[in-house]
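*Asks:* Next comes the sequence, and after it the predicted model I'd like to discuss.
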Amino acid sequence: MTSIEAYAAPETVEDAAKLAADGTATIFAGGTDLMPQTKAGAKVFSQTLLNLRRVEGMRGAIEERGEIRIGALTTVTDVLKNELLRAAAPVLCDAADKFASGQIRNSATIGGNICNASPAADMIIPLLLLGAEVELVSWVDDEANWRLIPLKNFFKGPGQSKLRKNEILKAVKFRTPQTDFVAGFVKFGTRPALDISVVSVGIGGQLNSGVLTNARVAFGAVAPVPMRGLETEAVIEGKKIDDKIIKAAASKAAAEVAPIDDVRASAWYRRELIQTLTGRLLRDVVQTGD
Amino acid sequence: MTQDFAPKQTLIGQRIPKLDAPSKVSGSARYLQDIELPGMLHGKILRTDRIHARIVSIDTSAAKALPGVHAVLTAADTPGVPLGFGQDNPPLKGDRVRCTRDEIAAVAADTEEIAEEALKLIEVEYEDLPAVFTTSDALKEGAPVIHDKHPNNTPFTYDYEHGDVAKGEAESDVIVEDTFRLHFVTHCCLGVSGIIADFDVEGNLTLYSQTQMPFLYKRDLAPVIGVPAEKIHVIQPIIGGAFGSKLDVYPFEPICVFLAKAARKPVRIVFSREEEFLASPTRQPMELTMRSGAMKDGTITFRDVSTLHDNGGYTSWGATTPFVMMQAFSSLYRIEHCRYKTTVVYTNNPYSGAFRGYGNLQATFAIESHMDKLAEAVGIGPLEFRTHNAQDAGETTLQGLHLQTCGLKDCLSTAADRSDFVTKHAANRAGQDGPTKRGIGMASLFHVGGGAKIYHTDGCGTILKVDDYAKVTVLTGASEIGQGSETVIAMLVAEELGVPMSKVSVINNDSEIRPWDVGVHASRTTFIAGNSAQRAARKARQKLLDAASAKLDVAVGDLDLRDGQVVRSKTGEQLLDLGKLLRALHFREKNEIVVTSEYYEPPSVMQDREFKGNVSPTYAFATQVAELEVDVETGMVNVFKVTAAHDVGRVINALGIEGQVEGGVIMGVGYATREHLLVDDGYVTNPSFRDYKILTAPEIPEVDFAFIETMDPEGPAGAKGIGEAPAICTAAAIANAFYNATGVRMYELPFTPERVLRALKTAAGEQVG
Amino acid sequence: MSFKQEISFTLNGDLTTASIPVHMDTLTMLRDVLQLTGTKLGCGEGECGACTILVDGAATNSCLMFAVDCDGRDIQTIEGVQTEDGLDLLQKEFVEKGAVQCGFCTPGLVMQGTAMLNENPGMSEDEIKRGLEGNLCRCTGYTKVIDATASAMAKTRGEGQG
């Protein structure tokens, strides 16, 4: 008893874009987010159910022209095991390791995690550190239409992004990190992975002699969207990371996040955690990097 | 020719795999959820979205008109006889709702989807009433009255006393007093609640039920559904966990019967997981104030306790937990003077049922926190202080509980030795650098070990038959809820009859053919059903040995049964195949078959009006030591080891008893550090495994266990019950370890990270948001 | 009525076809349409793992997978685990090591354990624990499940060498 009138599992991106063109499709890949949302009545099926999982060429990571491109259908398990990513962007694999459970990692895709636009999404934080962009495709006027949006500008609110109804997220890409790039991700929960983050923190940048440049900081579950910590970045940018800077960065982090009270934690506690974890992570990132 | 015969092998204490494990690992075991009867409909219940309200009207016409719907019921269609321990809970509420679970209508339809659709079409008009969510508010003058029958919102009080507390106070060198707050938690059985009701043409009712007490269930259900008990046939399919949650009758059960009757078809109700969180029982939350004292030499002088129990909107078994709590207050350690007052208070919160340990987790949390406080106040180590006050076998506590055996001192020393408690405890207190603090803490427990005589009988029946092929079938009153009772019963029988385990089958799920039993509760099944089965087997053994003696012309005293043979007891020489003996008895010599029966009644008594008397034939003791780390900057508590020394009388199935201890300890760790059913103004706000966190595999501590075998003279093969004990004192040990690590004592469970950080910061005088 | 789709896939080694509503989850298809009730519904939200099956060899929560997505895939459920002689090695270890109490979570644990053993026959104890993180068990406290998995792994390796 749903309003679904058609089901499609296209094998090419173009076909998928065509099927999505009228903006009436409910799109899924792994289904691990859509299924519980529809069961709970939080999301209603539209008339076409569009399964992207059979689209070819959208799974896996490749490096070309100084960029790493991860197909949207790459599962979290794929990310965790991918040799290229393990070598070039281990922070992403680390986040993948803290994602849900083995069963869900096998189904859930990186594209799905981005499109679901949860403020607590685990994969988004490291992608923000990596300066990722999302590649969106749509079928307009009989041709494929592409656009790129920086991930940091992609989210609008909980569950809301700039993805249009007729668009498919095809890939996420970022410049291959330089050899001096260091990054870390920490997710606070009582379990190693099977937890919705109470908060998460990511810190990255180029580290030379204890100085962090092009610093990026990102926070999860402390704002309506996964957020970049621009003010915290400013505190650490170009600085030698010593105890004083660590303390200042931790305080700034706690000040710039905008958490809410919910069933998992109070805003007060989230702020406390952001402060503690930012300090610890910054120390770790710098120590591990050196 | 001489032959070597092996000496007699005993099954007792061996590691015997559960009899039902092969069907469970292969997926062929059929749970209630897996049973589909021909023509079966699916029932769904409409629960109120209000907390306290008068029902003005219910319109079910649109739901009734939906194709595929066979029955839509409201209270008006039912007899309205209330159920539950307090008989204050009508299955469907017609005039008023009192808590978030309240059932106001039910639908039977061809599919679950249609039934759910129909629920959405039911329109209910309410008039909200003022609600009350704390016991203290509910006791205030002018508080909203939840049940008119109890204008003071107090359906029960319990008063217990022995000795003279005032005298105890006068004798005390130190006195401590604190208020402890215990929270809502719930069972989280992996298999959710459900039932199938099926009437035959003559009005006989078959219930496929998950109940833990099939015989009392018939008695309790009959008046509510208007079907005489003798017409109710209870079949228990394999049960996906119980832990006490299936001790009472709950509204969904009679509702399913009403639907089956109205639709004239079998109906199945199976909860969703969310519904399980919202509408299955909880552990009873309470506020507990304890005052206790000690003399300088370390002797406890008195314990004075009062509790306010949040009873929720109705009275299920949760209201009777004081009965068990008072045993811990009166009898965990030697207590000269003890007083305990309980007030059970109605609120508009969810209501609680029975849950493994039955109030004792709450009681022990307070008692054992105070044991550490008193020890510290008089300057004696926690181990020495407890040992000084521990009882010995042969004592009778001042509540009249007779300790035929008592391994408490052995439990204390064993747990302490195995965990190197004394050294670590002192070292941790000396201070630790860095944000991660280690702590070690101990706690003991006292619990019934062989049932509790709360009815005029606490017995269990067995019918045992040995067929022509020496196959033994045991019809036991006991129920299997996953705990392994059927395997223990089979072991005890196999041991008596000298047959291999493969020759014994246990029938334990059909009320028509098996004899009466109270049910699975109060850690009684191994003890009582075990004794019953063992005695039935002894009768069969006697009959077989008598027959063999006559046939072989060997004195009965010189014969034994081993490996399916009649043997000469001294040498083990095999004289006669048991099957041959049985066939001879049956077809040639006497035309007799071997069928025996037994109703075992334990030598316990119902307590008097002052709650005194030996309510259980034996008592379980244990000491657990918890080791943990506290991250004082995040509040994260990581329990990494629990050492558990349990007086179990005697180990019967080593594999089973280890599983009970490991599972119970982990449940206790979850209770103390993770689990919290959040109830906000009467609404449950975390009804999912995502936000209600039971422990997962990577979080578990190492569990080191030792079994103290005190060989209970009344127990089957010397055993005591173990089912509840392992979960009881874990939280208390963790609380003491937390204090050892941080120097801060927490009086409120659970120790979830945010609450811990708040407590630490508050203790340090910092401001918290 | 709901829009239905014909799908065909390999189920426990046999080619199987089914006509199912497109919004149906795989668990419901297995249990209600194909009458394979060994796979359990514990939560329906991917939190408990009782519904774990193998999809092209990868452990998957069948409650979160659209049944239509089974089309063309290789699906293995608990019913497909036994060998001709009865229980397979991991199942036997679950029985022998006492890893089963109420048993409701057991089929999911066996499936997850099977996938783990296939993937990495050299797991450390911590890796086994992490591997089981998506499967909730309320009875056993996991220790004996971990023991059974480790023991099956040791025996598999032993057989490989022998």
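*Replies:* Yes, it's here.

*Asks:* Report whether stretch C:27-38 contacts chain B.
*Replies:* Yes. Stretch C:27-38 lies within reach of chain B by C-beta under 8 Å from any C-beta of the partner chain, at C:31, C:36-38. All C-beta atoms are positioned from the backbone trio N, CA, C, and that covers glycine.

*Asks:* number of nearby residues for residue B:255?
*Replies:* Neighbour count for residue B:255, taken as other C-beta atoms under 10 Å in any protein chain shown: 26.

*Asks:* Kindly report the same for the one 10 residues further on.
*Replies:* Here the number of neighbours of residue B:265 (other C-beta under 10 Å) works out to 20.

*Asks:* And it, how far from chain A?
*Replies:* 21 Å (C-beta to the nearest C-beta, to the nearest Å).

*Asks:* Could you do residue B:193 as well?
*Replies:* Separation of residue B:193 from chain A (C-beta to the nearest C-beta) stands at 19 Å.

*Asks:* Verify the stated contact: that residue with residue B:280.
*Replies:* Yes. At 5.3 Å, residue B:193 and residue B:280 qualify as touching, with contact defined as C-beta atoms under 8 Å.

*Asks:* quick one: common contacting residues for the two?
*Replies:* Shared contacts of residue B:193 and residue B:280 (C-beta atoms under 8 Å, 6 or more residues apart in numbering or on different chains): B:245, B:250, B:271.

*Asks:* Taking the stretch 51-200 of chain A, what residue is nearest to chain C?
*Replies:* residue A:101 (2.5 Å; C-beta to the nearest C-beta).

*Asks:* what's the closest non-adjacent residue to that residue?
*Replies:* residue C:134 (2.5 Å; C-beta to C-beta, 6 or more residues apart in numbering or on different chains).

*Asks:* mind checking the SS state of residue B:759?
*Replies:* Judged by DSSP: H, G, I helix; E, B strand; the rest coil, the three-state class of residue B:759 is helix.

*Asks:* Whichever residue of the stretch 151-300 of chain B sits closest to chain C is in what secondary structure piece?
*Replies:* Using C-beta to the nearest C-beta, residue B:240 is the residue of the stretch 151-300 of chain B that sits closest to chain C, at 3.3 Å. In the assignment (DSSP states H and E), residue B:240 maps to no helix and no strand.

*Asks:* which residue does the stretch 301-450 of chain B bring closest to chain A?
*Replies:* Distances between the stretch 301-450 of chain B and chain A by C-beta to the nearest C-beta are smallest at residue B:435, namely 8.3 Å.

*Asks:* likewise the stretch 201-350 of chain B?
*Replies:* As assessed by C-beta to the nearest C-beta, chain A sits closest to residue B:274 within the stretch 201-350 of chain B, at 8.3 Å.

*Asks:* swap in the stretch 651-769 of chain B?
*Replies:* Proximity of the stretch 651-769 of chain B to chain A (C-beta to the nearest C-beta) peaks at residue B:769, 2.7 Å away.

*Asks:* my read is that residue is in a helix, agree?
*Replies:* No. Using three-state DSSP, the assignment for residue B:769 is coil, not a helix.

*Asks:* what is the rounded mean pLDDT of the host helix or strand of residue B:663?
*Replies:* Residue B:663 belongs to helix B:654-673 when assigned by DSSP H and E. For helix B:654-673, mean pLDDT rounds to 98.

*Asks:* circling back: what's the neighbour count on the residue of the stretch 151-300 of chain B closest to chain C?
*Replies:* 29.

*Asks:* Excluding covalently adjacent residues, which one is nearest to it?
*Replies:* residue B:191 (1.7 Å).

*Asks:* likewise residue A:146?
*Replies:* Leaving aside its chain neighbours, residue A:146 sits nearest to residue A:137 (5.6 Å; criterion: C-beta to C-beta, 6+ apart).
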